[in-house]
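In: predicted model and sequence below, questions to follow.
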Amino acid sequence: MSRHAAVEVFAAFLKLGLTSFGGPIAHLGYFHRELVARRGWVDEAQYAQLVALCQSLPGPGSSQLGFAVGMLRAGWPGALAAFTAFTLPSALLMLAFAGVVGQLAGPWGAAVLHGLKLVAVAVVADGLRRMARQLVPDLRRAVIAVAAAVAMLLAPSPLAQLAVVAAGAVLGYLLCGATAALHATALPLRYGARTGALLLAACAALLVAALAVGATAPGSTAGVVAGFYRAGALVFGGGHVVLPLLEQVAVAGGGVSMADFLAGYGAAQAVPGPMFSLAAFLGARLEGVPPVLGATACLLALFLPGLLLVAGALPGWRLLAERPAAGRALAGVNAAVVGLLAAALYDPVWVNAVASAADVAIALGAFALLVATRVPVLVVVGACAGASLVTTLAIAG
């Protein structure tokens, strides 16, 4: 694979790393718009397959998804380029925030951050619209999508996500016919099952080592870094769910104060990119460790297991998708993924962003821009942030 392809991947994911606000669920909308609708690097069915796989594994789902798309586009250089570019902006912002924690506040900043949440509403809604049009073309798959959305709204949890994806596969196998199987597009992976098995074995071996280090040296720097690896390897559901483990490792074992931990968590929700970049803040605040070294070690330790898992699982997933019967099951999985995104559009995206009629107007305006024009997402980001700031000033005045 040419160096140009990896550079292309880096540029695309750097843009996403700078503009993808709203957390891991919102990232699915940003990724879909940039990688599926605009660039065509994967088709709708491939994208849904990758979403389903990443939602079924421990680790940071949106980062795993980006890593996988980079892998399919440009091999291992593309995968590393995607991860680095998507993570770097938020990691640098969190590292900088670690040096000025407690000094950033004010109503103007809160208004701008609120506008960024409204961007996420529009982007996720647009991604949902596009995916539903391609992946839910008939009544049977519409029923699966609606059932998945209802199930997630009634029982929002990482385990419920796994159950919904599994149920979608079963219902797709039972309900979807041969036509649906045509949507099971093969993933163009450039390595096989043996490499996948080695990657999974490496992930497991590192987890055993992390458990051993954590048990023998819980208060040391190595023990803290090992704790970050354990958290990344064992927790489903992304940034919010991993918080209790990170709190235990960084506050109890690493000397980070609870006030700093909560401030870092708030900042991680405000910056673009993956919420797992909180690890850069926590690593920079560890006692007795140079900030850059601590941030880098904790960041890589938290992300590494999820990336190894998705890279190791891709060959088996591809082989499964190539079976004729799997096509029907994957059609159901695709529909279930649409349902997951629909539920997420309401909660947490809409619930945490829209609080007034003005918010509704801003979000609808951003959605209209995305649907009816070709303006870059960055323009929509600026428009929403500016509209939110103007609204706040008008109310205050």
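Out: Sure, I can see it.
In: for the rest of this, base every contact and every neighbour count on C-alpha atoms.
Out: Noted.
In: if you rank every helix and strand of the chain by mean pLDDT, what lands last?
Out: In the chain, no helix or strand scores lower on mean pLDDT, DSSP states H and E than helix 178-181, which sits at a mean of 56.
In: moving C-terminal from it, which element do we reach first?
Out: helix 193-216 (DSSP states H and E).
In: next, the angle from the very next helix or strand once past that following helix to helix 193-216.
Out: Scanning forward in sequence from helix 193-216 by DSSP H and E, the next helix or strand is helix 221-234. Interaxial angle, helix 221-234 versus helix 193-216 (axes from the mean of the first three to the mean of the last three Cα atoms, to 10 degrees): 130 degrees.
In: tell me what helix 221-234 is packed against?
Out: Packing partners of helix 221-234 (3 or more Cα pairs under 8 Å, 6 or more residues apart in numbering; DSSP states H and E): helix 193-216, helix 239-247, helix 291-321.
In: closest to residue 349 out of those?
Out: Residue 349 lies closest to helix 239-247 among the helices and strands packed on helix 221-234, at 13.6 Å (Cα to Cα).
In: buried sites along the one helix or strand residue 85 maps to?
Out: Assigned by DSSP H and E, residue 85 belongs to helix 61-100. Within helix 61-100, the residues that count as buried by 16 or more other Cα atoms under 10 Å are 61-98.
In: and it, what does it pack onto?
Out: Partner elements for helix 61-100 (3+ Cα pairs under 8 Å, 6+ apart): helix 3-19, helix 24-31, helix 44-55, helix 258-270, helix 278-284, helix 291-321.
In: save those helices as TSV, and put in distance to residue 209 too.
Out: Listed next are those as TSV, based on distance: least, Cα to Cα, whole Å:
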stretch	distance to residue 209
helix 3-19	31
helix 24-31	29
helix 44-55	24
helix 258-270	26
helix 278-284	20
helix 291-321	12
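In: so can I have JSON lines of these showing mean pLDDT?
Out: Below are the helices and strands packed on helix 61-100 laid out as JSON lines (pLDDT from 0 to 100):
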{"stretch": "helix 3-19", "mean pLDDT": "94"}
{"stretch": "helix 24-31", "mean pLDDT": "87"}
{"stretch": "helix 44-55", "mean pLDDT": "87"}
{"stretch": "helix 258-270", "mean pLDDT": "76"}
{"stretch": "helix 278-284", "mean pLDDT": "93"}
{"stretch": "helix 291-321", "mean pLDDT": "93"}
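In: which one of those is the most hemmed in?
Out: Ranked by mean neighbour count under mean count of other Cα atoms under 10 Å, the helices and strands packed on helix 61-100 are led by helix 278-284, which reaches a mean of 30.
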